[in-house]
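Asks: Starting from these lines, generate the structure:
(chains A and B)
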There are 2 protein chains.
Amino acid sequence: MALVTAVLHRGVVDSDEPILCADDLGVLRGDGVFETINVRDGQAFLLSEHLDRMANSARRMEFELPAKTEMAELAEQALAAWRGRFTGEEAALRLVATRGREHGGPLTVFATIDPVPAERIAPRRDGLNIVTASLGVDADARGKAPWLLGGVKALSYASMMAVTRWAKSQGADDALWVSADGYALEGPTSSLLWLDGRTLCTTPASTGILPGTTSAYLLEHAAKAGLETAERLITVEDLMGTEAAWLSSSVRGVAFITSIDGKAIAQRPDITAELDKLAGFAVPE
Amino acid sequence: MALVTAVLHRGVVDSDEPILCADDLGVLRGDGVFETINVRDGQAFLLSEHLDRMANSARRMEFELPAKTEMAELAEQALAAWRGRFTGEEAALRLVATRGREHGGPLTVFATIDPVPAERIAPRRDGLNIVTASLGVDADARGKAPWLLGGVKALSYASMMAVTRWAKSQGADDALWVSADGYALEGPTSSLLWLDGRTLCTTPASTGILPGTTSAYLLEHAAKAGLETAERLITVEDLMGTEAAWLSSSVRGVAFITSIDGKAIAQRPDITAELDKLAGFAVPE
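Replies: Below is the predicted model of the structure:
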């Protein structure tokens, strides 16, 4: 179970206490939005950016989140309870807002905090073997079809879970979504970064990927590591020929890619170390 | 609220009683399956077929539902409570199974029953104006990418809800998913049927549509109405030129299409009446 659960306007509750009714649209339709946030030293990293993205996801689904201050207060209630029990460990703060119950009433809004298991952050040290999986759509399809919810972090993640199971069944650590027209897009729960000379690149938001908070932070601060930045499309073939590539996400952090579809790719441990340092990700021993 | 709620191994509970914890994968990831079933005269229509489809959806998502007898018993518990309160009205029985809580334990399995509002079944009498919306994928894409969960009725319905909202914002009653290569597929929550001479046609399951229980029943019994049947691909352009077309679903029933993207299409009230009769859908006055 989640170690800490807090509900909007109620505060911390027992994590074993059910909080959603049978007709909550979050469960009936995956109709809601969420964020998962890195907690270190008891503080949520990039909380403001996550809250902004969450509010944007909700607006794209035509509902309004509570005010940012209320969402931040909910997060802080959960964090305070977490700090009361643990200090040093990394954790994952999850914020969830569903459209509420089917026949009306308020949104269902809650937060959970869980410790991050060691195997979840091991890829910061060990890297990831990934396999490509078709997302079925062209790189420009979701931009033209807003109902496909490109760029929205909705609760409807069944395909993300399915492709992750499939990747593991292939002996890989994770999947990489590839557009029908051959472009590498993102991981099921992570952003794609790669190095071209001294330029740190990522996928353009126009492809309908979820704009990564961690990747945005890394690009914003890349100059400190002497790197230029760019948003570009890249084919899988070209990705295999880059100097290095990573999947970044809030909890797992910066994980370098070691192979794609069984073929080893180049690595740049020096740049990996710079990226970890920029975003403050501790690499396990 | 749902008028009746029943939980597996617990039976009927107060519909205002929360039954899902904050870390239920059904809400965190839309990670589960569901069915919505027509209830008439207090009985669930095609319950066995719906339970089979639900079990298949779960297997595609790599989990096993409880035994069919247990699922049927859950449905019957809800139906018995419904019959105790209402008799004549049509209702919608919903069966839901999530993967359960994040850190293990049993599935979360429950049933709800709601009366069907008059406006929901009015399309049996009034028909539907629909607008086409791109699903972004080619008609054969999901067959090649099982992780996209074509043919699976997962809880991850955020895009289905988004495209329905978009259709209504265009002044239409419903949407029609169209593949990137131009084939009409299905509605967000319904199957597509059309008439070609004396042949009642629907979309092949190979396109990744959800195989409809109502449409399957209609095709199975079409000979009683003197109709042949076929599964075919059809372009939107060809659909506009058919003798008649319908969207069928368990609760709304058989709704004839009156226009597609603002262009009126032909209708066959005689065949509509035959289809209603075959599946026993009462047409409102």
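Asks: Quick one: name the residues of the stretch 51-200 of chain A near chain B.
Replies: In this structure, the stretch 51-200 of chain A approaches chain B at residues A:61-62, A:94, A:96, A:98, A:101-103, A:110, A:112, A:114, A:133-138, A:141-142, A:144-149, A:152, A:154-163, A:165-166, A:175, A:180, judged by CB under 8 Å from any CB of the partner chain. Using the backbone N, CA and C atoms, a C-beta is placed for each residue, glycine as well.
Asks: what about 7 Å?
Replies: Counting by CB under 7 Å from any CB of the partner chain, the positions of the stretch 51-200 of chain A adjacent to chain B are A:61-62, A:96, A:98, A:101, A:103, A:110, A:112, A:133-134, A:136-137, A:141-142, A:144-145, A:147-149, A:154-159, A:161-163, A:165-166, A:180.
Asks: among those, which are in strands?
Replies: Counting by DSSP state E, the members of these that fall within strands are A:96, A:98, A:110, A:112, A:133-134.
Asks: Out of those, flag the one nearest to A:S215.
Replies: A:S215 has its nearest neighbour among these in A:A133, at 19.7 Å by CB to CB.
Asks: And for the closest one, the neighbour number?
Replies: Per other CB atoms under 10 Å in any protein chain shown, the neighbour tally for A:A133 reads 24.
Asks: do A:H103 as well
Replies: As a burial measure, the neighbour count of A:H103 was computed by other CB under 10 Å and equals 9.
Asks: separation between it and A:A175?
Replies: As judged by CB to CB, to the nearest Å, A:H103 and A:A175 stand 38 Å apart.
Asks: Just the ones of the residues of the stretch 51-200 of chain A next to chain B in helices?
Replies: Here DSSP state H is the test, and these give A:141-142, A:144, A:158-159, A:161-163, A:165-166 as lying in helices.
Asks: Can you pick out the most distant pair from these?
Replies: Farthest-apart pair in these is A:K144 and A:R165; separation 29.8 Å (CB to CB).
Asks: A:V4 contacts A:T112, doesn't it?
Replies: Yes - with contacts counted by CB atoms under 7 Å, A:V4 reaches A:T112, the gap being 6.5 Å.
Asks: Check the secondary structure at A:A78 for me.
Replies: The local conformation at A:A78, judged by DSSP: H, G, I helix; E, B strand; the rest coil, is helix.
Asks: Residue of chain A nearest chain B, please.
Replies: Distances between chain A and chain B by CB to the nearest CB are smallest at A:G30, namely 2.7 Å.
Asks: Tell me the secondary structure of that residue, please.
Replies: When the structure is split into helix, strand and coil by three-state DSSP, A:G30 lands in coil.
Asks: What values do phi and psi take at it?
Replies: Backbone dihedrals for A:G30, given as degrees, to the nearest 10, come out at phi 50, psi 30.
Asks: list the contacts for it?
Replies: With contact taken as CB atoms under 7 Å, 6 or more residues apart in numbering or on different chains, A:G30 is in contact with A:154-156, B:30, B:155-158.
Asks: now with 10 Å?
Replies: A:98, A:154-158, B:26-32, B:154-161 (CB atoms under 10 Å, 6 or more residues apart in numbering or on different chains).
Asks: Likewise for A:L227?
Replies: Contacts of A:L227 were listed using CB under 10 Å, 6+ apart, and they are A:195, A:197-201, A:218-219, A:221, A:271, A:274-275, A:278.
Asks: can we see that at 8 Å?
Replies: Contacts for A:L227 (CB atoms under 8 Å, 6 or more residues apart in numbering or on different chains) come out as A:195, A:198-200, A:271, A:274.
Asks: Filter these down to the ones in helices?
Replies: Cross-referencing the contacts of A:L227 against helices under DSSP H gives A:271, A:274.
Asks: I'd like the contacts of A:L227 laid out as CSV, including pLDDT.
Replies: Compiled in CSV, the contacts of A:L227 are given as follows (pLDDT from 0 to 100):
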residue, pLDDT
A:L195, 98
A:R198, 97
A:T199, 98
A:L200, 98
A:I271, 98
A:E274, 98
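Asks: Which among the contacts of A:L227 count as buried?
Replies: Neighbour counting by 16 or more other CB atoms under 10 Å in any protein chain shown classes A:195, A:200, A:271, A:274 among the contacts of A:L227 as buried.
Asks: The last one against A:A223, yeah?
Replies: So that's A:E274. No - with contacts defined as CB atoms under 8 Å, A:E274 does not count as touching A:A223, sitting 11.3 Å away.
Asks: Neighbours of A:G197, how many?
Replies: Per other CB under 10 Å, the neighbour tally for A:G197 reads 10.
Asks: Appreciated, that's everything.
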